[in-house]
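Novice: Structure for this input, please:
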Amino acid sequence: MKFGSPRSHLYGGVVVDELGEEGISSSRNAVLASLLADTYLPSSNELVAENRSSGIPAMLAVARRRGLPRPNFRSSISSFVVTMARSELLNPEVRRWIAGLHAHLPTPTHEIALAMLRENYLTNEMLRQWAPDRDTSTSALWPVKT
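Specialist: So this is what the prediction gives:
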């Protein structure tokens with residue numbers, strides 16, 4: 001396995017493509033993390049660090065709500081880099097295009113799927129990065145006709 005690839009390991013066996021999944025957490029220095037989680041910033045009620053594994057899931061949730069592409073995580077032996085896109089999948093122009101389709105879109109996942117298709121191509125795996133679960137991404141790509 002090439003270090004720095006999406007499957008590369010972070011500390012504690014966590015891999016980059018698992019980042020943001022519920023229950024995925026690892027601290028390189030558990031004692032330091034615990035101390036920082038109990039230390040307040042000077043003249044503040046805010047903790048230095050929360051140590052609750054909510055940072056990346058919160059970042060992904062905000063990106064999803066704003067129609068931004070999923071951040072790219074890159075890990076190497078000496079660094080961890082997160083790259084966020086500057087443009088939205090669902091910018092005003094794309095939202096006008098979707099509205100012009102006059103399609104009944106029951107979920108935000110359907111809108112994201114259309115935006116991704118407009119710009120490029122779309123696979124179930126790509127959409128799963130933004131859908132709340134596998135069934136939602138599959139149903140957005142393969143609507144059931146009744």
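Novice: isn't residue 81 right next to residue 71, touching?
Specialist: No. At 9.9 Å, residue 81 and residue 71 do not qualify as touching, with contact defined as C-beta atoms under 8 Å. The way it works is simple: take the backbone N, C-alpha and C, and place the C-beta from them, glycine included.
Novice: which element is the residue nearest to the spatial centre of the chain on?
Specialist: Residue closest to the average C-alpha location in the chain (C-alpha atoms, centre = their mean): residue 60, at 3.3 Å. Element membership for residue 60 (DSSP states H and E) is helix 55-65.
Novice: for residue 36, same thing?
Specialist: Short version, using DSSP H and E: residue 36 is in helix 30-37.
Novice: Can you name every helix or strand that that helix contacts?
Specialist: Using 3 or more C-beta pairs under 8 Å, 6 or more residues apart in numbering; DSSP states H and E as the contact test, no helix or strand touches helix 30-37.
Novice: Show me the contact partners of it.
Specialist: 27, 47-52 (C-beta atoms under 8 Å, 6 or more residues apart in numbering).
Novice: Show me which of those is closest to residue 21.
Specialist: Residue 21 lies nearest to residue 52 out of the contacts of helix 30-37, by C-beta to C-beta, at 14.7 Å.
Novice: For the closest one, grab phi and psi.
Specialist: Dihedral pair for residue 52: phi -120, psi 10, per degrees, to the nearest 10.
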